[in-house]
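Student: quick one: sequence plus predicted model below, questions after.
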Amino acid sequence: VKTREVSSSGGIFYWIACYILQQKGVVCGVVFNKDWTTEHQFIDKISDLWMLQGSKYIQSNIKDTYRQTKEFLKRNIPVLYTGTPCQIAGLNKYLGKNANKSQLFTVELCCHGVPTSPRIWKQYLKENVTDDISNITFRSKINGWKNYTLDIQTNGHTHICEGKLSNNYMRGFLMNLYCRPICSSCKFREFSTESDLSIGDFWGLPKFYPQKDDDKGMSLILVMNEKGNMLFQAIKDEFYHFPISYAEVINGNTNYLHSDPFHTKRELFWRMINEGKSVNHSVSQCLKPTFFQNIKSTIKRIIRWKK
């Protein structure tokens, strides 16, 4: 239960990583740096696994982890490498077709897109947090799994705790104001990266299995090949699981098949940022509802009220 509480969705990554570490292997995932940007890093102890847990909606620097992976494999050390589909594809390209990958296990994340460099994130923190930061959780479940919360805690008086539809950094990210340009035409959709497993949130849960939805999070795990199946079989007794259909997977996770287009005001956003406007102001202005959107929202409220 505790694992699920501190995880962004249902905690499946924790069990996958634990298994590899118990086999005397190493796990590579994303950690926060001292300045609260992110990078890929290896761990070899379960006690350090907490650093890799939790979604981090910032572009991660992979550093020299591809080279390190190659060195670990040469020494026959099991490696679990997690990342976005393009990062997994990059690792496979780096290692080459002739590399011995028998001890390599790759897990890709269902990816919405990646923010353009850490610039906007660093600017957002500078503008909104004046005290030393003690912890950041992008997907706090204080208000539930579906309405997750960006929670920034400090050693002083600043404390940001805002839902995904209220916090301007998260709004801008989710509405594609500043995702990387290449993300709008990603070549690594449709399960094309040759990863062993793919994981994410099972957002179709409330629609297809409402009786199972306690709003505490449910992971989605897709077995992509025989090696992935072996890994799943090794850990499946550690947690409650049930099979679902392909249609149920895609219904709440359309990013598996296609990329989201840029927001129509993306260029305006960057113009405002380059003119020195704050992240909060720029996002608020760009995502301000139009006249017709306000009319539509009003009609919906009236219909709900009459019901």
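Tutor: Great, that's in hand.
Student: okay, now the residue nearest to Trp145 when sequence neighbours are not counted: neighbour count?
Tutor: Nearest residue to Trp145, sequence neighbours excluded (C-beta to C-beta, 6 or more residues apart in numbering): Gly217, at 4.2 Å. The C-beta positions use only the backbone N, C-alpha and C, and glycine is treated the same way. By other C-beta atoms under 10 Å, the residues close to Gly217 number 23.
Student: now do the phi/psi pair for Gly217.
Tutor: phi 110, psi 140 (degrees, to the nearest 10).
Student: pLDDT score assigned to it?
Tutor: Gly217 is assigned 96 on the pLDDT scale.
Student: alpha carbons only: can I get the host helix or strand of Ala17 in PDB?
Tutor: In this structure, Ala17 sits in helix 12-22 according to DSSP states H and E. Presented in PDB, the C-alpha positions along helix 12-22 are these (Å, rounded to 0.1, in the frame of the first residue of the first chain):
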ATOM      1  CA  ILE A  12       4.600  -1.000 -11.000                       C
ATOM      2  CA  PHE A  13       8.100   0.500 -11.600                       C
ATOM      3  CA  TYR A  14       9.000  -0.200  -8.000                       C
ATOM      4  CA  TRP A  15       8.500  -3.900  -8.400                       C
ATOM      5  CA  ILE A  16      10.300  -4.200 -11.700                       C
ATOM      6  CA  ALA A  17      13.300  -2.300 -10.300                       C
ATOM      7  CA  CYS A  18      13.300  -4.300  -7.100                       C
ATOM      8  CA  TYR A  19      13.500  -7.600  -9.100                       C
ATOM      9  CA  ILE A  20      16.500  -6.400 -11.100                       C
ATOM     10  CA  LEU A  21      18.300  -5.100  -8.000                       C
ATOM     11  CA  GLN A  22      17.700  -8.400  -6.300                       C
END
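Student: for the helix or strand following it, name the packing helices and strands.
Tutor: Later in the chain than helix 12-22, the nearest helix or strand by DSSP H and E is strand 26-32. If you count contacts as 3 or more C-beta pairs under 8 Å, 6 or more residues apart in numbering; DSSP states H and E, strand 26-32 packs onto helix 12-22, strand 38-43, helix 65-74, strand 79-83.
Student: any idea how far the nearest residue to Thr158 once chain neighbours are set aside is from Tyr19?
Tutor: Take Thr158 and drop its neighbours on the chain: the residue closest to it by C-beta to C-beta, 6+ apart is Asp131, 4.6 Å away. Asp131 is 39 Å from Tyr19, where distance means C-beta to C-beta, to the nearest Å.
Student: the two: which has the busier surroundings?
Tutor: Set side by side, Asp131 and Tyr19 show unequal neighbour counts under other C-beta under 10 Å, the larger going to Tyr19 at 19 against 13.
Student: most tightly packed of the helices and strands packed on strand 26-32?
Tutor: Per residue and on average, the most neighbours among the helices and strands packed on strand 26-32 fall to strand 79-83, with a mean of 25 (mean count of other C-beta atoms under 10 Å).
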